[in-house]
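>>> pasting a predicted model and its sequence here:
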Amino acid sequence: MKDNKKTYWKGLEQLTNDPEFVKRSEKEFPEYLPIAEKNEEGGSSRRDFLKMMGFGIAAASLAACEAPVRKAIPYLNKPVDVDPGVPNYYASTYANGGDYCSIVVKTREGRPIKIEGNKLSKITKGGVSAQVEASVLSLYDKERLQGPLANGKKISWEDLDKEIIKELDAIASRGGQIRIVSNTVLSPTTKAAIAELNNKYGKLEHVVYDPQSSYGMVLANEKSFGKAVIPSYDFSKAEVIVGVGADFLGTWLSPVEFTKQYSKTRKVSKKKPEMSRHFQFESNLSLTGSNADYRTTIKPSQEGQLVAALYNLIAKKAGAPAMSAGKGLKVDNLEKAAKELWANRGKGLVVASSNDEAVQMTVNAINNLLGNYGSTIDLNLPVNYRQGDDKAMAKFVKDLQAGRVQGVIFFNSNPVYDYKDGAAIGKALSKVKLTIATNDRMDETTSLVKYVAPDHHFLESWNDAEPKPGHYSLSQPSITPLFKTRQAGESFLAWAGNKTEFYSYLNNRWKSDHFPQQSKQSSFDTFWKQSLYDGVFEVPVKENAVFAFAGNLSGAASAINKNYKTNNSGVEVILYQKVGIGSGNQANNPWLQEMPDPITKATWDNYLTVSQSWANENGIKVIEENTVLANVTVGNQSFKVPVIVQPGQADGTVGLALGYGRTKAGKVANGVGVNVYPLANEVNGTVNYTITSGVKIEATTEAHTVARTQTHETYMERHNVIQETVLSEYKKDPKAGLDQMMIATSQGTKKATAISLWKGHKQSYNNHHWMMAIDMNACTGCGACTVACQVENNVPVVGRDEVINRREMHWIRIDRYYSSDAAPEDLQGLEVASKNPEVTFQPVMCQQCNNAPCETVCPVAATTHSTEGLNMMAYNRCIGTRYCANNCPYKVRRFNWFKYFENDKFDKNTPMNNDLGRMVLNPDVVVRSRGVMEKCTFCVQRIQYGKLSAKKEGRRPTDEDINTACAQACPADAIVFGDVLNPESKVAKIMKEEEEGRAYAMLEELNVSPNVYYLRKVRNKDTQKNKA
Amino acid sequence: MQVSSPVREPLVTGGRTIKNVTDDVCRRVEEKPSKSWFLAFTVSFGILLVGGYAVWMTLWDGIGMWGLNKTIGWAWDITNFVWWVGIGHAGTLISAVLLLFRQKWRTSINRAAEAMTIFAVICAALFPVLHMGRPWLGFYWALPLPNTFGSLWVNFNSPLLWDVFAISTYFSVSLVFWYIGLVPDFATIRDRAKGVSKLIYGMLSLGWSGSAKAWQRYETVSLVLAGLATPLVLSVHTIVSFDFATSVIPGWHTTIFPPYFVAGAIFSGFAMVLTLMLVTRKVYKLEDYITLTHIELMNIIILLTGSIVGVAYTTEFFMAWYSGVEAEQYAFINRAFGPYWWAYWSMMTCNVISPQLFWFKRIRRSLVLTFILSIVVNIGMWFERFVIIVTSLHRDWVPSSWAMFSPTVYDMGVYLFSFGLFFTLFFLFAKFFPVVNMAEVKSVLKSTSGNIKE
């Protein structure tokens, strides 16, 4: 190799031997590297460049991946008390017309998602009803009005106020009449605002009516005792209860309150083997009637005569003069009821739902003779639930028709739909110059008015309520108003020229009125905060007046003789409210529409309940849910409704539910059923909901299907499912009614559960073991649990057609069984319910079997067992073979037959099919996809949350920390849930006490070892029934 | 040494020679498809397409397209599954069990019977996949494959998983058995063919040389596979019956199910073989190969298995009464006298009463009556599964959940789809594959000395 002598320069600098170069060449790295964030000139450095390039490439490549657009907006400034994943609870008040419930609202990330009962209230005591539970969804109803309207066009609140004030002033200057039409208003502050409006405009009258009026009671009490009120009832003190048509557990006055009281008297234990005895006389089989010990069917036309006859029976014992009515009436159990009422003087209660003052006065006279005033009835504590004045309303309609009214404000009322003369009101409204409505939607009435000033939903409002004197209840907003709505009270203030915000107005009133009523809190601020925290503020009512009965019974008797007969031949119609839909103002709530009626188990419809004998006479054979339409003609009104054959329906009567046939409530409610409010009439000056003459009902051959969740009426004498006894037997033996299957072995007869191939999981439960005890004696069947579960667990609404396909998704159902007269061997006969059956309710959810049959059959182990006794379901793992559901003896598993969310075919499932509705979903519970199985989890998300919060505090969780949604909602406290390994828990105590008593496991002999125990039903009857 | 007996009936009639056999069978493969074939194929394929719409809608919208509900989680889907699996029993039984018992009459019917088996199993396997809520996951999550779910694997307790193994094993063994039998015949066709078909049949025949060694191996493999397949004939339907027998549902929870299901499967399988063979025999003029003796023998098996099934039905009733379990007794009374009485009595008439007609030799040997009765039997067997599945589920333990099932058009469509699939495959087979096992039939041509005497 030749030497290479060539010299290579690193650059021109080396060649020229530049001194700068020489200096630097000794160092390996140049002295200056631009590593600073910025060079002096402020330009980008190399590092910046690299960073930018790196970011640019990353951003470009990320942007290339399609990221789903999520409309979650993070907090810019996180509110102090809102933590993602941690719920906040606010005490508030549910007031829907006169329906009242003190509630606690659960919010997550600022959204109300669940309503629970407020235990601090002395009235509702933590109970809720299905309607209360469901009302949270009405907040997210997309069909609510989103702002004020004038002549159907959007307008600003300022302009609206200006226009309305101008028109009001004009009317006032003319001396014209103005009316505010509302249902019962429980809020004293709103009433004050109305009073301000009245002060300003003079001839302004507040007309109150109720869709289901109780005005007759008010009149009767006025005439009987000089006090135009409805008294408080206390069923908890009643040992003998007689109901005449009053569905006090379902729809009458204050069902949550009454259920709380009633269930106390129905619970028996070894320590307290006593319970109330309940007689019910009614035409429809109501929720209350189905819980009665003795139920007698009567026709509505007999109601007055029956009450008079009862009076006469008692008067005879009391030595009081008899009434000249009620003679010649023969009904079962009446004498027995009278006898027992008399024997339990001062501890009995007679209630009637009749809106006829003559009937109510007679009832008052009965209670008076029995000395029930002051014990079970409290006239000193009247209730404000029904303030409707039928006479004022009738006058209003006349005034309206005569053109005497120049301005009408409909304050959250919809009389065009739910008043008997609604059509007349609708027609006459065109004569009225100024019409305003504060209703939340473009309903039947609102669509006829000029100005709409939509009210907030109650969950967006500040408000108060006074259900009874001395019982005050606060509403606080749990969310900022979703739309540009304004509280009706504030609108009234604005129109009265009072610029105060409703909140300050309320606050001031509480400062002046309620703060001085107490002495506990010294500053108003703490008083206000405490009241808000509690949700209720209660002061004892000091009045202790004794009322003497001063009613004119002979007048009542002649009124009864005029309007009631002992034996009416024609068909009679009873218009009743259903437990779910009620008056119909929440009809656009799909949870309520799909809630099975406690008695008929029907959803999404109203229908004619007919007696079995009528069906037989007309050759109607209802197979499963397939039925026919009947033509109903009342006077000049005629329409077609489907027929349901209802055991326990009085012969010669039919029932028809109010609250249906909405035309402008929204897509959920519109066109569901028939509106029967126009059938109501007037008797003795008050609205009457029964039609006793001029009714014609003809069965047609037109087929119709009613969506029912249960079509088999009887329990087929299966004592492994339903066990019951009577009180006298129970007193002798707490295990009376036990029916246990035994098996023969070589070692003699053993319990069917004594032999098992299974090791079971029980030995692995070393921390918690969740169990449930359900008292079938307390359960009234109201269905609050079903809706509560639906809210808590994001259970989809499937709609009418899918319920017909028997695919409802409810995780907890209430099985309703009728007794049958057939012999146990007569299997065909057992399918037919008795004419006036005994009714049993049994809530059934996943029984969380310890030896779960579903777990073994799943090919992919999607359903497995926890170490806390829970049967768990991993939705993500499920492939949907449905083998588990087939193998579930309790049939509690529910399959996602379709995609129920974001699917136009299920648009009535509003909580899952629009952006607004979805806000109600519980973020702790996943929305299940199509093709997977789901079922009750014992609210595992609540269990986990409760365990965590106890752990954070370094203690064991207690009953206070963890409760399932169903148990929490139950107004009868029939469902008790807890950790049976914690000896202090309620469920552990019940299980210990009732193990050798009423407790039984459903289908025990299968040895699936369920974790739900039922406490046997005990009827307070003299003998073991008319043997079903 | 010539072994022949003058009393032995000839297995192949009409004095067919070895060349006749090759010609008779290969002609169908070599000739242009006939008009009647085209017509039949088009109809089958049309049914496949119509049914395919129902399958598509089921996959697109969900299982809700069917008539199932909260109480009745299985109905037509699993009924069809069990029905098709049952039908799929005859082929393997004929070729494997009869091979082991050296029943040489099987040779002329085993090919078609095995093909039918395979197609029936394909149709059967369709339903477990389609009936899943999420088939896109189910078809592989149900297999014990390594996965990223940690310890989450399949549940070996579940009879559905046993089904997966039973059906897939049965299918693969049947397929291999069938194909091995086809190899020499493909070689025969290859040797006669030209051009593309020579290439295709050449590939299908796997280089069959026809050497003595090859024949020896062929027979050994057949015997080994027959030995493997025989227990499968019994195990598959036994395991299918476990789907029901291991459950807690009255009417399902029955130990009698395994033998009863196997008997029922053979019963329906033979009926289906007869239905198809009688048509093929007529259309392909194979009267000399599939003789009246074949038909009579198969009718005797139907008579036997039908009677076993009848005894099983009666035993179930007895056991329900004897068990003393209320719900169990109700389940059976409800079957016979409940709302689905018509299904039960259809089953009884078709399965128990109608096969008894085969006591009469004239009926056994009557083509028309055999054809009608073979269809009647399969209608009955379909009802049997429907009765077991639907009438047990619809009224089980808790009366509140009792419900009725009514099928939708999609239920019917999916069933139709399986028919379309079955017949499309069968007609393709009948055209392009040798429908009679030439090689084996040739070996039984001289099973009688009758033609030598002539």
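Thanks, I have it.

>>> just the pLDDT for the residue nearest to residue A:890 when sequence neighbours are not counted.
Closest residue to residue A:890 apart from its sequence neighbours, by C-beta to C-beta, 6 or more residues apart in numbering or on different chains: residue A:847 at 5.4 Å. Heads up, the C-betas are built off the backbone N, CA and C, glycines and all. At residue A:847, the predicted lDDT confidence score is 95.

>>> quick one: low-confidence parts of chain A?
Applying pLDDT under 70 to chain A picks out residues A:1-4, A:28-44, A:65-72, A:1024-1028.

>>> which element is the residue in chain B positioned nearest to chain A on?
Chain A sits closest to residue B:133 of chain B, with a gap of 1.8 Å, by C-beta to the nearest C-beta. Residue B:133 is part of no helix or strand, with elements assigned from DSSP states H and E.

>>> please name the residues that touch residue B:81.
Contact analysis of residue B:81 by C-beta atoms under 8 Å, 6 or more residues apart in numbering or on different chains lists B:124, B:127, B:128, B:131, B:240.

>>> which SS state does it fall under?
Three-state call for residue B:81 (DSSP: H, G, I helix; E, B strand; the rest coil): helix.

>>> what residues does the stretch 501-650 of chain A have near chain B?
With C-beta under 8 Å from any C-beta of the partner chain as the criterion, the stretch 501-650 of chain A comes near chain B at residues residue A:624.

>>> all helices of the stretch 501-650 of chain A, in order?
In the stretch 501-650 of chain A, the helices defined using DSSP state H, counting those that start in this stretch lie at A:502-509, A:524-534, A:553-563, A:590-594, A:612-617.

>>> okay, these, which one's buried deepest?
helix A:590-594 (a mean of 29; mean count of other C-beta atoms under 10 Å in any protein chain shown).

>>> quick check: phi and psi at the closest residue to chain B within the stretch 551-700 of chain A.
Closest to chain B within the stretch 551-700 of chain A is residue A:624: 5.4 Å, counting by C-beta to the nearest C-beta. Main-chain torsions, residue A:624, degrees, to the nearest 10: phi 50, psi -130.

>>> residues in contact with it?
By C-beta under 8 Å, 6+ apart, the neighbours of residue A:624 are A:711, B:403, B:404.

>>> ok, residue A:226 to residue A:376 distance?
Distance of residue A:226 to residue A:376, computed by C-beta to C-beta, to the nearest Å: 20 Å.

>>> so the two - more neighbours on which side?
When neighbours are counted by other C-beta atoms under 10 Å in any protein chain shown, residue A:226 and residue A:376 differ, and residue A:376 comes out ahead with 27 against 11.

>>> I'd guessed the more buried one sits against residue A:345; true?
No: contact status for residue A:376 versus residue A:345: not in contact, 10.9 Å apart, counting by C-beta atoms under 8 Å.

>>> what about the closest residue in space to residue A:214 that isn't next to it in sequence, which helix or strand?
Nearest residue to residue A:214 in three dimensions, chain neighbours excluded: residue A:386, at 3.9 Å (C-beta to C-beta, 6+ apart). Assigned by DSSP H and E, residue A:386 belongs to no helix or strand.

>>> what's the PyMOL line that selects buried ones from the contacts of residue A:624?
With 16 or more other C-beta atoms under 10 Å in any protein chain shown as the criterion, this PyMOL line picks the buried residues out of the contacts of residue A:624:
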select buried, (chain A and resi 711) or (chain B and resi 403+404)
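
>>> quick one: which of the contacts of residue A:624 is nearest to residue A:1010?
When the contacts of residue A:624 are ranked by distance to residue A:1010 (C-beta to C-beta), residue B:403 comes first, at 22.1 Å.

>>> now chain A against chain B: closest residue?
Nearest residue of chain A to chain B: residue A:880, at 1.8 Å (C-beta to the nearest C-beta).

>>> and the residue lying closest to that residue once chain neighbours are set aside, how many neighbours?
Of all residues not flanking residue A:880 in the chain, residue B:133 sits nearest, at 1.8 Å (C-beta to C-beta, 6+ apart). Residues contacting residue B:133 under the criterion other C-beta under 10 Å number 22.

>>> right, and residue B:133 touches residue A:928 too?
No: when contacts are counted by C-beta under 8 Å, residue B:133 is not listed as touching residue A:928 (10.2 Å).

>>> hang on, the earlier thing: which element is the residue nearest to residue A:890 on?
Residue-wise, residue A:847 maps onto no helix or strand under DSSP H and E.

>>> report pLDDT for residue B:7.
In this model, residue B:7 carries a pLDDT of 55.

>>> picking that back up, quick one: common contacting residues for residue B:133 and residue A:928?
Listed as contacting both residue B:133 and residue A:928 by C-beta under 8 Å, 6+ apart are residue A:896.

>>> who are the contact partners of residue B:50?
Contact analysis of residue B:50 by C-beta under 8 Å, 6+ apart lists B:413, B:416, B:417, B:420.
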